[in-house]
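K.L.:
Show me the folded form of this:
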Amino acid sequence: FFASDLDLKMMRCACRSALVSAPLVQSIMTRPHVHRSDTTFDTRSFSTEAEKQRMELNKFLYDIKPAATIQEEVTMRPTPCDSTMPVPAPHPGLRTKQGSYVLKNPMYTPEEVQAVKITHRPVQTMLDKMAFGGVTMARTAFDKLTGYPDLQTERDWLHRIIFLETVAGVPGMVGGMMRHYRSLRKLQRDHGWIHTLLEEAENERMHLLTFMKLRQPGIVFRMAVVVTQGIFANLFFLAYIVSPKLCHRFVGYLEEEAVRTYTHLLQVIDEPGSVLQGWNQRPAPSIAKEYWRLADDASLRDVIEMVRADEACHRHVNHVFSSIDADQHNPFGPYGKKELGVAPCEKEVKL
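P.N.:
Sure thing, here's the model as predicted:
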């Protein structure tokens with residue numbers, strides 16, 4: 001009685017909508033449900049392949065009649081799995097032709113590879129002394145344990161390299177994780193550090209996977225890896241909470257030793273009559289050719305040069321990360337840059 005003309009018009013529109021939508025809702029609610037594998041539909045009405053994929057995904061997710069019991073679910077139809085689901089969009093990862101996913105890694109020119117030198121950043125502050133002291137103690141103990149530098153067989157060299165790479169892959173992942181948590185905790189961007197640290201972790205893991213193509217260690221070796229990883233990863237995690245600068249300085253000095261070791265390895269390969277002289281002609285593993293974009297006729301010696309170049313990058317990057325403020329932008333950027341030149345804070349030394 002008190003309704004205005006506008007209210008009456010709105011009520012009439014609502015009544016018309018209800019009359020039109022009621023049969024549609026009833027037909028939807030009473031339509032039979034069928035198994036996904038028995039469902040067929042005409043794809044000619046879809047203008048694009050994307051629309052077709054979206055329709056397939058919708059049918060997979062919403063057009064399956066729920067089973068009354070778990071037993072019926074198991075016996076009457078197979079459980080849906082990821083492999084049978086339609087793909088709504090391409091995966092954002094970088095997919096290689098062999099089907100693996102890898103992060104971006106530096107690409108070196110022959111001149112950059114040959115320019116790698118053994119360098120050392122002078123110890124200056126108390127953090128430097130703590131980091132360098134820790135690396136020195138760890139290297140001395142491991143050298144005595146493995147008999148370095150008097151390694152007599154290829155097996156001895158590979159055991160040393162593989163074990164070191166299992167350790168070297170830890171700091172980048174821990175550092176990237178801690179930077180990720182820091183970004184979430186402080187509600188701000190990370191300025192590109194996470195990318196570089198995760199790329200470093202995967203780069204070290206690719207070193208490990210490459211050398212695993214040359215030798216598969218036994219159970220005792222693998223147990224030692226498990227114990228060492230458990231100790232080192234937790235200690236590094238706790239140290240990163242206290243002082244990220246100390247951790248990056250530690251990794252910088254650790255990578256200095258890695259460059260020293262791989263330089264020595266190249267000298268052994270080039271020495272006539274050595275146990276590793278055959279690495280000059282031994283073909284590089286396919287995983288290494290793919291990762292570093294090596295030539296088809298690349299040798300194992302070429303792989304060692306690329307690994308040494310990677311370690312020189314990590315050496316420089318971590319020394320720089322330790323010297324700058326945690327809120328500064330990553331000077332190397334998420335996609336990397338040429339990093340093989342001797343940093344101003346590092347001095348070239350002889351083997």
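K.L.:
Residue 247 touches residue 171, doesn't it?
P.N.:
Yes. Look at residue 247 against residue 171 with Cβ atoms under 8 Å: they come within range, at 6.8 Å. No exception for glycine: its C-beta is placed from N, CA and C like everyone else's.
K.L.:
Please enumerate the shared neighbours of these two.
P.N.:
Between them, residue 247 and residue 171 share these contacting residues under Cβ atoms under 8 Å, 6 or more residues apart in numbering: residue 236.
K.L.:
Pop out the phi and psi values for residue 108.
P.N.:
With angles defined as degrees, to the nearest 10, residue 108 sits at phi -110, psi 150.
K.L.:
Could you count how many residues lie near it?
P.N.:
Using other Cβ atoms under 10 Å, residue 108 has 21 other residues around it.
K.L.:
wait, isn't it in contact with residue 307?
P.N.:
No. Counting by Cβ under 8 Å, residue 108 stays clear of residue 307, with 11.1 Å between them.
K.L.:
Identify the residues contacting residue 182.
P.N.:
Counted by Cβ under 8 Å, 6+ apart, residue 182 has contacts 190, 326.
K.L.:
Quick check: which element contains it?
P.N.:
If you go by DSSP states H and E, residue 182 is part of helix 154-186.
K.L.:
Low-confidence stretches in the protein?
P.N.:
Scanning the chain for pLDDT under 70 picks out 1-47, 50, 53-54, 57-102, 104, 333-351.
K.L.:
Now do the helices in it.
P.N.:
5-30, 49-62, 70-76, 110-114, 126-146, 154-186, 193-212, 219-242, 244-270, 286-292, 300-323 (DSSP state H).
K.L.:
Provide a list of residues in contact with the closest residue to residue 245 other than its chain neighbours.
P.N.:
Nearest residue to residue 245, sequence neighbours excluded (Cβ to Cβ, 6 or more residues apart in numbering): residue 322, at 4.8 Å. Residue 322 sits next to 127, 245-249, 252 when contact means Cβ under 8 Å, 6+ apart.
K.L.:
Make JSON lines from those residues and add neighbour count to it.
P.N.:
Shown next, in JSON lines, are the contacts of residue 322 (neighbours: other Cβ atoms under 10 Å):
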{"residue": "127", "neighbour count": "17"}
{"residue": "245", "neighbour count": "19"}
{"residue": "246", "neighbour count": "19"}
{"residue": "247", "neighbour count": "25"}
{"residue": "248", "neighbour count": "25"}
{"residue": "249", "neighbour count": "27"}
{"residue": "252", "neighbour count": "28"}
